[in-house]
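Student: Provided below are the primary sequence and the corresponding predicted coordinates.
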Amino acid sequence: MTDLFRRRMDLAIDQATDAGLTGLLVTPGPDLIYFTGYRPVITERLTLLVLAAGRDPHLIVPVLERPDAVRAAGAGAVTITGWADGADPFAAAAPLLDPKGRYAVSDNAWALHLLGLQQVLPGAAWTSMTTALPMLRAVKDADEVRRLAAAGAAADAAYEQIVGVRFAGRTEHQIGTDLAALLREHGHSQVDFTVVGSGPNGANPHHEMGERVITDGDMVVLDFGGLKDGYGSDTTRTVHVGEPTAQEREVFDVVLEAQQAAFEAVRPGVACEEIDRIARDVITRAGYGEFFIHRTGHGIGLTTHEPPYLVAGERRPLVPGMCFSIEPGIYLPGRFGVRIEDIVTVTGDAGRRLNNTSRDLRIVA
């Protein structure tokens, strides 16, 4: 793994240089995991990886955590320095930084830490990692795609089981609890969300789950995911309790058509916003454009939401190895919602779904 992490750090330094940056300041969270494999406890104590051209990668950690850092991230990939309680961690970091430099900082850095760095380096400039290098982690290697595919397959297995339970007469919370348990049963170490939006609650894309009792005739949106072996799953299927009405069937078919059209458009070189436009055009032509109220997709990897984003204005081209959701939806306030979502990876000439359960409207009891 040392070689992999070093390649990632070297590539990031090259990208930073091309973007006019002096370097990158990486704090605990997905960026630090990506570059070192180190997952420290996130506290007020400063942990900071400094990546800059002409310098070996350097990780500053609380001295009491240095043994853990050496085991996780040592192995020759980085130089590790500990700082002791009572010392100034920002003064310890300052010699590694250019006092007039321009640095990209991990998006999830604590304000406490960034403000401390600003105080000791008032002449430096700072920007967010995503603003400066939005595609830093967007293109996955073969192992990352494999992990995402395994997470998607586990989520698919959970879905195939949840549609076999009884929905009518049970609360959204009960279905969501069952779904979370199934994700863990199929290897998820972390469940991040279980949206169970029944009837009118399905018109809220992020409803998650509540105490509403599901009844015969409800459309139910199931959106769920988490982490398996460090990489994310995220899929949505919409089911119906009993037979749907003609309009429910119509809305579902429009969303299905939009999702399929967007998937078929995936190939290298296509702008991210074009995938959004294609899905949106299908829904707009059917007369439901005002009820598609979010972007068509988001990237996924070590976190559930990360670049690239499939949204109007994002003109960056798709690149082989990018992985993202395609999830158009229609939400009729006070009535019901429909969303269909798969994770898709870009191949050499097309797209490949990482979720493979049926996208047809499933009738549940």
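Tutor: Here it is on my side, so go on. Numbers count the residues shown, from 1 in each chain.
Student: Show me which helix runs longest in the chain.
Tutor: Determined from DSSP state H, the single longest helix within the chain is helix 142-162.
Student: what is the mean pLDDT for that one?
Tutor: Averaging pLDDT along helix 142-162 gives 98.
Student: buried set for it?
Tutor: For helix 142-162, burial by neighbour count (16 or more other CB atoms under 10 Å) applies to 144-145, 147-159, 162. Quick note: C-beta positions are derived from backbone N, CA and C, even for glycine.
Student: Please apply the same query to stretch 248-261.
Tutor: Those would be 248, 250-252, 254-261, for stretch 248-261 by 16+ other CB under 10 Å.
Student: G86: which of the residues you listed is nearest?
Tutor: Q259 (56.7 Å; CB to CB).
Student: List the contacts of stretch 106-115.
Tutor: If you take CB atoms under 8 Å, 6 or more residues apart in numbering as the criterion, stretch 106-115 is touched by 25-32, 44, 46, 48, 105, 126, 128-130.
Student: Need the max-distance pair from those residues.
Tutor: Of all the pairs that the contacts of stretch 106-115 form, the one spanning the most space (CB to CB) is E44 and T130, at 23.6 Å.
Student: neighbour-wise, which of the two wins?
Tutor: T130 (15 against 9; other CB atoms under 10 Å).
Student: Which residues are in contact with the more buried one?
Tutor: Contacts of T130 (CB under 8 Å, 6+ apart): 107, 136, 307.
Student: let's go with 6 Å and repeat that
Tutor: Listed by CB atoms under 6 Å, 6 or more residues apart in numbering, the contact partners of T130 are D107.
Student: Pull out the buried residues from the helix or strand it falls within.
Tutor: Assigned by DSSP states H and E, T130 belongs to helix 129-132. Neighbour-count burial for helix 129-132 flags 129, 132 (criterion: 16+ other CB under 10 Å).
Student: Just the pLDDT at the residue sitting furthest away from the middle of the chain, thanks.
Tutor: Note on the chain: the largest C-alpha distance from the chain mean falls to G86, namely 37.0 Å (CA atoms, centre = their mean). If you check G86, the pLDDT there is 94.
Student: secondary structure class for it?
Tutor: Following DSSP: H, G, I helix; E, B strand; the rest coil, we place G86 in the coil state.
Student: Look up how far A72 lies from the residue lying closest to R359 once chain neighbours are set aside.
Tutor: Take R359 and drop its neighbours on the chain: the residue closest to it by CB to CB, 6 or more residues apart in numbering is I340, 5.4 Å away. Remark: distance between I340 and A72 (CB to CB, to the nearest Å) = 39 Å.
Student: of the two, who's got more company?
Tutor: Comparing I340 with A72 by neighbour count (other CB under 10 Å), the higher total belongs to I340, at 24 against 19.
Student: Give me the pLDDT value at that one.
Tutor: 98.
Student: how near is it to T36?
Tutor: Distance of I340 to T36, given as CB to CB: 37 Å.
Student: again, but for V145
Tutor: Here V145 is placed at a distance of 21 Å from T36 (CB to CB).
Student: now do R277
Tutor: 38 Å.
Student: okay, and for the stretch 51-200 of the chain, where does confidence drop off?
Tutor: Judged by pLDDT under 70, the stretch 51-200 of the chain has its weakly predicted residues at 74-76.
Student: all helices for it, in order.
Tutor: 66-73, 89-93, 111-120, 129-132, 142-162, 172-185 (DSSP state H, counting those that start in this stretch).
Student: Just put these in CSV and tack on distance to F292.
Tutor: Putting those into CSV (distance: least, CB to CB, whole Å) gives the following:
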stretch, distance to F292
helix 66-73, 43
helix 89-93, 46
helix 111-120, 35
helix 129-132, 25
helix 142-162, 23
helix 172-185, 23
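Student: Those: which one's closest to K100?
Tutor: Closest among the helices of the stretch 51-200 of the chain, using CB to CB: helix 111-120, at 13.2 Å.
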